[in-house]
Each structure stands twice: as C-alpha cells, then as structure tokens.
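S.K.: need coordinates for the following:
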Amino acid sequence: MPYVTQLSSQLTGVPRTMLMTTRARVEEHQRADALFGDPQAFAWWGAIAWDSELDQLWSPIT
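M.R.: Numbers count the residues shown, from 1 in each chain. Below is the predicted model of the structure:
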C-alpha cells in the first residue's frame, strides 16, 4: 500500500465523522473475535494523527 506512506499526519478537509468511523473499523479489525477485518483502514490509521478533541465524543461499544 504505497499511498499510506504519502499521508501527512495532519489531514485537512476530512470530516471528523470519517475519522470516528475509521477508528471503529480499526478497533474491530484488531479484535480477536472480529466480525470483519479491514487491513487497509488499519494501515491508513497508522499514518494519521487522531484529533484529541474527539476523545470526549468517542465511546466504543464493548
């Protein structure tokens, strides 16, 4: 996935809801009993920075 290395740590023009959805997909991918895997989202997630302002809104279902 060569495009992943080209991402900067700061994204502009990306809705915050997209980051939250991507984080949910990554967390599901990492679960041992995952319903689905998303290696592309996982790789992409490692190349971006999480907006700390979203921490107060993030409440994953466990």
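S.K.: ok, Phe42 touching His29?
M.R.: Yes - with contact defined as CB atoms under 8 Å, Phe42 counts as touching His29 (5.0 Å). Placement of C-beta: from N, CA and C, glycine included.
S.K.: biggest helix in this structure by residues?
M.R.: helix 16-30 (DSSP state H).
S.K.: and Leu35, how far is that from Gly46?
M.R.: Separation of Leu35 from Gly46 (CB to CB, to the nearest Å): 21 Å.
S.K.: swap in Phe36?
M.R.: Separation of Phe36 from Gly46 (CB to CB): 18 Å.
S.K.: do Arg16 as well
M.R.: For Arg16, the distance to Gly46 equals 19 Å [CB to CB].
S.K.: can you pull the contacts of Ser52?
M.R.: Residues near Ser52 by CB atoms under 8 Å, 6 or more residues apart in numbering: none.
S.K.: extract the C-alpha trace of the host helix or strand of Trp44 and format it as CSV.
M.R.: Under the criterion DSSP states H and E, the helix or strand holding Trp44 is helix 39-45. Extracted in CSV, the C-alpha atoms of helix 39-45 (Å, rounded to 0.1, in the frame of the first residue of the first chain):
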residue,chain,number,x,y,z
PRO,A,39,-6.3,-4.1,6.8
GLN,A,40,-6.5,-1.1,4.6
ALA,A,41,-8.1,1.1,7.3
PHE,A,42,-5.6,-0.3,9.8
ALA,A,43,-2.7,0.7,7.6
TRP,A,44,-4.2,4.1,6.9
TRP,A,45,-4.9,4.7,10.6
